[in-house]
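Trainee: No letters, just coordinates:
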């Protein structure tokens, strides 16, 4: 069920449909972080893809990092599926592109 929710958020994150800031303000980020932490493999894949889409806009990048998503995106790089690795790497790359998220 959580995996389906993440998939729906992922499909709704299209900037043409709904801006990432609006999705974040609606409360999707804590749900995505929860999925990255304790979801099924497919839930984590979908959540990483949704986070990558949310990270398209600079204002949401800091919120993603503050929510604790960054360390959770590293785990799929070590032991996730190929799609999970791809989604996580894409999200991390987008987060790293914004100076406020660099440490």
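Mentor: Thanks, I have it. Note that this is a predicted model, so its numbers are computed, not measured.

Trainee: any idea how far residue 43 is from the spatially most central residue of the chain?
Mentor: In the chain, the residue lying closest to the centroid (CA atoms, centre = their mean) is residue 51, at 1.6 Å. Counting by CB to CB, to the nearest Å, the gap from residue 51 to residue 43 is 12 Å. Just so you know, the C-beta spots here come from the backbone N, C-alpha and C atoms, and that holds for glycine as well.

Trainee: Next: residue 29.
Mentor: When residue 29 is compared with residue 43 (using CB to CB), they lie 15 Å apart.

Trainee: Got the confidence number for residue 99?
Mentor: pLDDT for residue 99: 66.

Trainee: swap that for residue 64, please
Mentor: For residue 64, pLDDT reads 94.

Trainee: Quick check, pLDDT for the closest residue to the residue nearest to the centre of the chain other than its chain neighbours.
Mentor: Counting by CB to CB, 6 or more residues apart in numbering, residue 91 is the residue found nearest to residue 51 once chain neighbours are left out, at 4.5 Å. pLDDT, the model's per-residue confidence, is 95 for residue 91.
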